[in-house]
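Q: Turn this into a model:
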Amino acid sequence: MTWRQDAGVSGKNILTLGIYHEALMRWLTERPNSFETFGNTYVPLRRHWEKDKSVRVDLPDQIQVVGSFDSEIAFDYKFSGVEPGTGQNFFEFVGSKGTLLLDLNEQKLSKTDLNGSEVVVEIADKAKRDWAVEAEFIDSIRKQTPVKRTSFERGVEYMAFSEAIYNQWKKRN
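A: A predicted model of the protein is given here:
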């Protein structure tokens, strides 16, 4: 059991869903208005990363969240920590003009139009950034530097979404 599977340490973040949803919120102008959560903990007891004894896992090994936005764009998020190989970890958005699929394992964004024609969306090098959310947060406290990517309010939004996913999953299981 890693620290990510210990809700006492990682909170109610399931796998890396919350982390990536937080990043996606920088580009999305609206928030999900409804969703359904499906998931399971396939290995309910694991050796704890610090305690060196078997403990019950508080978070699912696999999660899928299907829902929509006010604009009627549908979404499908899937994350797995139990599939053989790399498994599936993706965000998919389906709208009236086509589909966007962000495959996190392949680090690829693809766009499919209504005719079924799929193209890979190339991200310009100048638009690519290294992961720095935690470093920015720590610097904002220690050095009083402004946060560039995720405001406190946005952080609260993504945590509320993560908690709602967890609560719905917990209620079903």
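Q: hmm, who's touching stretch 60-75?
A: Stretch 60-75 has contacts (C-beta atoms under 8 Å, 6 or more residues apart in numbering) with 14-15, 17, 28, 30-43, 76-83, 91-96, 165, 169, 173. C-beta coordinates here come from the backbone N, C-alpha and C atoms, glycine included.
Q: for the protein, which helix is longest?
A: Selection of the longest helix in the chain by residue count, based on DSSP state H, yields helix 152-172.
Q: That one: how far from the chain's middle?
A: The gap between where helix 152-172 is centred and where its chain is centred comes out at 11 Å by C-alpha atoms, centre = their mean, to the nearest Å.
Q: Can you list which of the contacts of stretch 60-75 are found in strands?
A: Under the assignment DSSP state E, the contacts of stretch 60-75 contribute 32-40, 76-80, 91-95 to strands.
Q: and Ala23, what is it in contact with?
A: Shown in contact with Ala23 (C-beta under 8 Å, 6+ apart): Val133.
Q: roughly how far apart are it and Gly98?
A: 22 Å (C-beta to C-beta, to the nearest Å).
Q: Excluding sequence neighbours, find me the nearest residue to Asn167.
A: Distances taken as C-beta to C-beta, 6 or more residues apart in numbering place Lys12 nearest to Asn167, at 7.8 Å, with adjacent residues excluded.
Q: do Asp103 as well
A: In space, and not counting its chain neighbours, Asp103 is closest to Phe90: 5.0 Å by C-beta to C-beta, 6+ apart.
Q: One more: Asp113?
A: That would be Gly98: by C-beta to C-beta, 6+ apart, it lies 4.4 Å from Asp113.
Q: Run a quick neighbour tally on the one you found.
A: 15 (other C-beta atoms under 10 Å).
Q: For it, report the pLDDT, please.
A: At Gly98, the model reports a pLDDT of 95.
Q: quick one: contacts for it?
A: Residues near Gly98 by C-beta under 8 Å, 6+ apart: Lys111, Thr112, Asp113, Leu114.
Q: and with 6 Å instead?
A: Residues near Gly98 by C-beta atoms under 6 Å, 6 or more residues apart in numbering: Thr112, Asp113, Leu114.
Q: same deal with Gly95?
A: For Gly95, the contacting residues are Ile73, by C-beta under 6 Å, 6+ apart.
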